[in-house]
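> Below are the sequence and a predicted model for it; my questions follow.
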Amino acid sequence: MVMLSVNFGILVGYILSSHLSYHVVPLLGVCLPVLYFLAALLLPESPSYLLKHSKQKEAEKSLRFYKNPRENDEEQSFKMDFEELRSNIAAQQALITERLGFRDLLTKPALKGFASAVVLVLGHQCSGIFSFVNYMSTVFEASGSVFDVNTCTIIIGVFQIIGVSTSTICVDIIGRRILMLISTFGIGLGCIIFGFFTYYAHQYDLSRWNWIPLVLMIILVYLANVGLNGLFFLVLVEIFPAKIRSLATSISLVFLSGVLFGTLKVFPLMLHYLGISVTMWFSACSGFITFLYFMFCLPETKGKSMVVD
């Protein structure tokens, strides 16, 4: 749901920026967080939060609001869901009461989780997918595509949503690891082909093949959202032991923010000084390196408990 919401917002941004003035789009963008804030004020607190603060009656009332059971069988299912949530929160709280020390971050499972998180973050950012999304119009201009860049970005935005939807359907059927492998290998291969096309397009007349950049970018974005982009936050949480999961995920997100800031600043410089072809080949190398690490080191986390290991 996180990535689906992000991609839907990106698509809306593409559509608005294609038809409205540069100065109008930010004003509309400001309205969305304000509306979200006002809507959140009207909703009850989450059941998990209330259970963590020993407010069982309020938690049951909150869960009833969100589940909205009506039939008798739904009422029975609701009671089972509430008991399961209550027992999970109790187990989680028991883990929290254990003193978390620095040594807990240096255990073998913890270090393996941090290593996977570092590769996941670097692979996600250095593969260029997030940069492509933010500089999509620039990428299409540099590739020599003759199609309208605004139309191309809207098409890409639609396929991002389709990719995340595919990931949502397949994640508990195929598993996280397989989708990640398909995604990273597809990104690497797609970026290599994209780089070679733009390289030869500057030397030969490939105008009859000017539709290839759009098709390649559709495939790249779709495969990225099937795995590396669509499952990023899910896998990031699941690779850590339960005891350090909250702290380790926070540390990883701080690291992600720093890398994200850097890649968004470096990407346009690479396009300007190195060209689109070399930039794509760099992304391809990152995709293949990430693929190899995931092949040999990334565990399958499907079905892993969020409370205990």
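All right, it came through fine.

> mean confidence for the strand or helix carrying residue 266?
Assigned by DSSP states H and E, residue 266 belongs to helix 245-273. When pLDDT is averaged along helix 245-273, the result is 93.

> can you check stretch 222-231 too?
Summarised as a single mean, pLDDT over stretch 222-231 is 92.

> Convert the C-alpha atoms of it to CSV, please.
This file holds the C-alpha atoms of stretch 222-231, laid out as CSV (Å, rounded to 0.1, in the frame of the first residue of the first chain):
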residue,chain,number,x,y,z
TYR,A,222,7.4,-2.4,-14.5
LEU,A,223,10.1,-4.9,-13.4
ALA,A,224,11.4,-2.5,-10.8
ASN,A,225,8.0,-2.2,-9.2
VAL,A,226,7.4,-5.9,-9.3
GLY,A,227,10.3,-6.4,-6.9
LEU,A,228,13.1,-4.0,-6.0
ASN,A,229,10.8,-0.9,-5.7
GLY,A,230,7.5,-2.5,-4.8
LEU,A,231,8.8,-4.8,-2.1
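
> now that stretch: how far from the chain's centre is it?
On the basis of C-alpha atoms, centre = their mean, to the nearest Å, stretch 222-231 is displaced by 7 Å from the centre of the chain it belongs to.

> which residues are contacting that stretch?
Residues from elsewhere that reach stretch 222-231 (C-beta atoms under 8 Å, 6 or more residues apart in numbering): 3, 7, 123-124, 127, 129-130, 159-164, 166-168, 170-171, 176, 179-184, 186-187, 190, 290. Any C-beta I mention is one placed from the backbone N, CA and C, and that applies to glycine too.

> circling back: what's whatever helix or strand comes next after the helix holding residue 266 packed up against?
As assigned by DSSP H and E, the chain's next helix or strand after helix 245-273 is helix 275-297. With contacts taken as 3 or more C-beta pairs under 8 Å, 6 or more residues apart in numbering; DSSP states H and E, helix 275-297 sits against helix 108-126, helix 136-143, helix 176-201, helix 245-273.
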